[in-house]
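Asks: Quick one: sequence and predicted model below, then my questions.
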Amino acid sequence: MHGYAGKVLRVDLTDSRISTEPLNQQWARDFVGGRGLATKYLYESLDPTVEALSPANVLVLASGPITGTNGPSAARYMVVTKSPLTGAITHSNSGGHWAPELKFAGYDLVIVHGRASKPVYLWVFDDEVELRDASHLWGKGTWETEDAIRSELAQPDAIIAGIGPAGEKLVRFACIINDKHRAAGRSGVGAVMGSKNLKAIAVRGTKGVSVARPREFCEAVWHVKQKMAESAGIQGLGEFGTAATIDLINAAGALPTRNHQQGQFEKSDDINGNAINDKWLVRNKACFACTIACGRITHLPGDGATKYLVNTHPRNWKMHGEGPEYENLWSLGADCGVGDMDAIIKANWMCNDLGMDPISCGSTIAAAMELYERGIIKDDELPPGGGDIPIPLRFGNGEALVRLTEAIAYREGIGDKLAEGSKRLGAMYDHPEVHMGSKGQEFPAYDPRGVVGMGVAYATCNRGACHIRAWTPAVEILGDMDPKVADGKAAWVIGSQHETTWLDATGCCLFITSGMTFDDLVPILNHAVGANYTKADLDQVGERIWNLERLFNLHAGLTRADDSLPKRLLETPFESGPSKGVVVPLEAMLNDYYNLRGWTPAGEPTAAKLADLGLAG
């Protein structure tokens with residue numbers, strides 16, 4: 001199979017049984033790869049009603065048919081499972097070098113079942129696959145784990161995807177980290193891995209990836225890479241990473257601040273891309289086959305190196321790392337009212353090393369800060385600072401941010417409650433209104449009162465609140481659609497959801513669309529796999545995947561009521577700024593969305609729609 005390795009690796013941890021099977025070629029045609037194939041395999045392997053952290057859950061890691069080639073940013077893999085944070089299907093995406101290495105070893109997917117009786121890691125070296133004891137690695141951070149496994153295997157080129165203490169402790173927003181800083185970040189996929197006693201998957205491959213039409217493939221790739229090199233959007237990502245977005249969204253009054261109580265952060269200039277470049281940036285970093293290099297290697301110079309070591313737990317002392325990017329600058333910064341870059345960078349590194357999603361981590365801390373400032377969380381619940389005096393959990397307190405990041409990962413003190421996520425945290429204190437998210441997953445860095453299209457994008461995303469399935473600022477701030485009205489937003493969101501979904505299936509990075517179009521990717525995919533898809537065909541692939549995810553969620557017990565937003569966004573407008581007076585007209589957009597999708601008013605795909613997509617029966 002051109003573009004594909006052609007094999008699936010299946011691992012049953014309960015019985016320590018490892019097997020391989022041919023990739024289902026019909027499914028590959030209908031779902032392409034990556035997120036699509038992983039969703040299909042999960043749907044056929046799992047009862048959606050099972051508990052997400054039970055041995056019955058299934059974890060699928062899948063590359064795409066362009067992964068491992070010299071295609072544009074062809075480094076991505078998807079982790080698909082049932083989320084312990086939302087109870088819905090989830091699909092977390094990561095780059096780096098792990099997915100290409102999996103293809104080089106001869107596999108398109110790894111499907112993990114059951115639960116090991118003790119900690120293990122999976123070692124994949126081409127056709128040699130084994131489970132190895134990981135008891136000595138349990139409790140270690142992701143960085144130390146990677147180094148230890150390479151040393152133990154005497155394989156310096158092995159690529160490792162693993163979990164840190166947060167995954168082991170079943171933090172509901174724990175993530176899977178590969179290449180020390182690349183993350184399958186959202187929805188708690190690391191907790192699912194931890195629930196299976198699976199510490200890591202180490203991969204080394206020596207095989208290649210063939211494409212069906214090599215000359216045409218290379219010509220198409222060369223064309224888009226030239227186009228990307230000349231793109232202002234791609235050049236901006238290379239110069240500032242995603243951090244430049246801080247200025248754009250803050251100016252629009254859509255930067256959620258202090259747990260979405262304001263839409264602009266007065267210290268935004270202290271945490272933007274220019275600030276990072278001026279003091280903290282060491283160099284850029286790229287993933288496999290990437291010409292963008294949006295990753296940022298940073299350090300803590302001068303007094304910043306020791307600022308948050310004296311009164312914090314000694315287990316984490318790192319003074320170098322990667323990031324933060326836009327989402328993390330916001331969640332650990334503006335959302336918590338923190339304008340101290342040293343604190344943000346430190347907390348971001350800790351999230352990588354301890355294995356946590358910085359978006360949900362920062363947002364949950366922000367919810368706790370609101371509860372504290374309202375007198376609901378008391379001082380006697382907080383960790384001590386200097387002189388054993390509790391650290392005030394106030395907005396803007398960098399020390400509280402850093403200390404709670406670690407406390408969450410180890411479930412220490414109040415960190416045990418925050419490890420459940422902001423929805424469950426709010427419920428514990430009888431104040432559910434502090435949860436800012438959809439389907440139990442915390443929002444990313446765009447307040448829908450500033451860009452109302454994000455409201456329907458958040459509410460309808462199958463994995464819970466998400467910005468990378470439909471990023472409406474592209475048309476509401478950078479385009480010609482009014483960010484304050486509902487007209488046309490549902491239709492645009494649906495189209496974007498289809499496009500980003502099939503792109504996820506290819507194994508390429510979404511950021512390539514900052515310098516090329518989805519149409520540009522069609523011939524690259526066709527020449528890789530020897531197909532003749534049209535853009536319309538692939539949009540239907542995206543729609544097919546989206547509807548299958550929706551079916552999973554319906555079987556799991558989710559309903560229209562879960563396609564929701566917090567009352568704060570629906571009823572409480574900002575009192576100042578560019579978005580003053582705006583609330584999100586969700587119901588109008590949601591009704592339009594269901595109708596355009598061919599779903600019932602209850603949000604269920606009709607029989608005719610399922611038949612049209614080949615999902616009936």
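Replies: Arrived safely, thanks for sending. Numbers count the residues shown, from 1 in each chain.

Asks: contacting residues around residue 116?
Replies: 13, 14, 16, 131, 196, 197, 198 (C-beta atoms under 8 Å, 6 or more residues apart in numbering). C-beta here means a position set from N, CA and C on the backbone, and glycine is covered the same way.

Asks: Can you flag the buried ones in those residues?
Replies: If you count burial by 16 or more other C-beta atoms under 10 Å, the buried members of these come out as 13, 131, 196, 197, 198.

Asks: Sort out for me which of the residues you listed are in strands.
Replies: 131, 198 (DSSP state E).

Asks: Mind putting the buried ones among the contacts of residue 116 into TSV with distance to residue 266 and pLDDT?
Replies: Below are these laid out as TSV (distance: C-beta to C-beta, whole Å; pLDDT from 0 to 100):
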residue	distance to residue 266	pLDDT
13	50	98
131	52	98
196	45	98
197	46	98
198	44	98
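
Asks: What residue spans form the domains of the protein?
Replies: In terms of domains, the chain is parsed into 7-204, 240-438, 448-514+534-612 (source: automatic domain parsing).

Asks: and the shortest one, how far from the chain's centre?
Replies: Relative to the mean C-alpha coordinate of its chain, domain 448-514+534-612 is positioned 17 Å out (C-alpha atoms, centre = their mean, to the nearest Å).

Asks: can you check stretch 47-55 too?
Replies: For stretch 47-55, the distance to the chain centre is 21 Å (C-alpha atoms, centre = their mean).

Asks: First residue to last residue on that stretch, what's the distance there?
Replies: This stretch, stretch 47-55, spans 12 Å end to end (C-alpha to C-alpha, to the nearest Å).

Asks: all strands for the stretch 1-150 of the chain, in order.
Replies: 7-12, 17-22, 59-63, 77-82, 89-94, 109-113, 120-125, 128-133 (DSSP state E, counting those that start in this stretch).

Asks: Save the ones you listed as a markdown table, and put in distance to residue 211 too.
Replies: Rendered in a markdown table, the data for those read as follows (distance: least, C-beta to C-beta, whole Å):
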| stretch | distance to residue 211 |
| --- | --- |
| strand 7-12 | 17 |
| strand 17-22 | 20 |
| strand 59-63 | 14 |
| strand 77-82 | 19 |
| strand 89-94 | 22 |
| strand 109-113 | 19 |
| strand 120-125 | 23 |
| strand 128-133 | 26 |
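
Asks: Of all the ones you listed, which one comes closest to residue 432?
Replies: strand 89-94 (21.7 Å; C-beta to C-beta).

Asks: With only the CA atoms kept, save the closest one in PDB.
Replies: Only the C-alpha atoms of strand 89-94 are listed here, as PDB (Å, rounded to 0.1, in the frame of the first residue of the first chain):
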ATOM      1  CA  ILE A  89     -14.600  10.600  22.100                       C
ATOM      2  CA  THR A  90     -11.300  12.500  21.900                       C
ATOM      3  CA  HIS A  91      -8.600  13.000  19.300                       C
ATOM      4  CA  SER A  92      -5.300  14.600  20.400                       C
ATOM      5  CA  ASN A  93      -2.700  15.500  17.800                       C
ATOM      6  CA  SER A  94       1.100  15.600  18.200                       C
END
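
Asks: what distance separates the one helix or strand residue 405 maps to from the centre of its chain?
Replies: Assigned by DSSP states H and E, residue 405 belongs to helix 398-409. Counting by C-alpha atoms, centre = their mean, helix 398-409 is centred 21 Å from the centre of its parent chain.

Asks: Output the domains of the chain as CSV; include the columns distance to residue 1.
Replies: Shown next, in CSV, are the domains of the chain (distance: least, C-beta to C-beta, whole Å):
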stretch, distance to residue 1
domain 7-204, 7
domain 240-438, 20
domain 448-514+534-612, 14
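
Asks: Buried deepest among these, which one?
Replies: Comparing the domains of the chain by mean neighbour count (mean count of other C-beta atoms under 10 Å), domain 7-204 ranks first with a mean of 23.

Asks: what's the first-to-last distance across it?
Replies: 16 Å.

Asks: What is the least confident helix or strand in this structure?
Replies: Least confident helix or strand of the chain, by mean pLDDT, DSSP states H and E, is strand 320-322 with a mean of 82.

Asks: nearest spatial neighbour of residue 176, skipping sequence neighbours?
Replies: What sits nearest to residue 176 in space, not counting adjacent residues and going by C-beta to C-beta, 6 or more residues apart in numbering, is residue 184, at 4.3 Å.

Asks: Phi, psi for that neighbour please.
Replies: phi -80, psi 90 (degrees, to the nearest 10).

Asks: what about it, distance to residue 423?
Replies: 21 Å (C-beta to C-beta, to the nearest Å).

Asks: what's in contact with the strand or helix carrying residue 611?
Replies: Element membership of residue 611 [criterion: DSSP H and E] is helix 607-612. Under the contact criterion C-beta under 8 Å, 6+ apart, helix 607-612 has outside partners 547, 551, 597, 598, 599, 616.

Asks: Kindly report the same for stretch 271-283.
Replies: Stretch 271-283 is contacted from outside by 239-241, 243-244, 246-247, 265, 269, 296-301, 304, 320, 329, 333-334, 339, 341, 344-345, using C-beta under 8 Å, 6+ apart.

Asks: pull the CA atoms of that stretch into PDB?
Replies: Extracted in PDB, the C-alpha atoms of stretch 271-283 (Å, rounded to 0.1, in the frame of the first residue of the first chain):
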ATOM      1  CA  ILE A 271       3.700  38.000  27.500                       C
ATOM      2  CA  ASN A 272       3.500  38.400  23.700                       C
ATOM      3  CA  GLY A 273       5.800  37.200  20.900                       C
ATOM      4  CA  ASN A 274       8.100  40.200  21.000                       C
ATOM      5  CA  ALA A 275       8.600  39.800  24.800                       C
ATOM      6  CA  ILE A 276       9.700  36.200  24.300                       C
ATOM      7  CA  ASN A 277      12.100  37.100  21.500                       C
ATOM      8  CA  ASP A 278      13.600  40.000  23.400                       C
ATOM      9  CA  LYS A 279      14.600  38.000  26.500                       C
ATOM     10  CA  TRP A 280      13.800  34.300  26.700                       C
ATOM     11  CA  LEU A 281      14.100  32.900  23.200                       C
ATOM     12  CA  VAL A 282      17.200  30.700  22.500                       C
ATOM     13  CA  ARG A 283      16.300  29.400  19.000                       C
END
